[in-house]
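J.: Just to be clear, the model below is a prediction. Sequence and coordinates:
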Amino acid sequence: MSAALNNIGAITLFVEDLQSTKTFYQDIFTLPVIYEDESSAVIKFDNTMINLLQSSGAPELVEPATAAGPGTGARFMFSIWVENTDAVCADLARRGVALLNGPLDREWGKRTAAFADPAGNIWEIAQDLP
């Protein structure tokens, strides 16, 4: 019998400036840092942890693959379901977060907006449209 691969426990993001990225996550998501050392900080969401790892530590984790560097473009996007995209965007703006796009009504039935953390990782806010 094979093990089920259906429970994401942590996502590791490679970041160039650990301190500013950690501060961003604490300020924007108001979530606790549950572990921290000189090269990483782990932020706890409901059932997933985001590990912010200093990019210099990435090669040993992914070798023989290579870790892409900053400025190479978006590599993925996180989506957070919300009740009211516009209200969340207004709150983000009050906290100094610039949106990349949105809020926009999408043809697939969501109202979305996107922003980036200091390391360039993209986050999307999305609500279901009636």
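T.: Right, received. Where do you want to start? Numbering: from 1, shown residues only.
J.: Show me how far the helix or strand containing F24 is from its chain's centre.
T.: Secondary structure from DSSP states H and E places F24 in helix 18-29. Distance of helix 18-29 from the chain centroid (C-alpha atoms, centre = their mean, to the nearest Å) equals 11 Å.
J.: Least confident secondary structure element in the chain?
T.: Within the chain, no helix or strand scores below helix 58-62, which has a mean of 85 by mean pLDDT, DSSP states H and E.
J.: Run through who's touching it.
T.: T12, F14, L53, T66, A67 (C-beta atoms under 8 Å, 6 or more residues apart in numbering). C-beta here means a position set from N, CA and C on the backbone, and glycine is covered the same way.
J.: Which one of those residues sits in the busiest neighbourhood?
T.: Comparing the contacts of helix 58-62 by number of neighbours (other C-beta atoms under 10 Å), F14 comes first, having 22 neighbours.
J.: So that one is in contact with N51, correct?
T.: No. Here F14 does not reach N51: they are 9.7 Å apart, not a contact under C-beta atoms under 8 Å.
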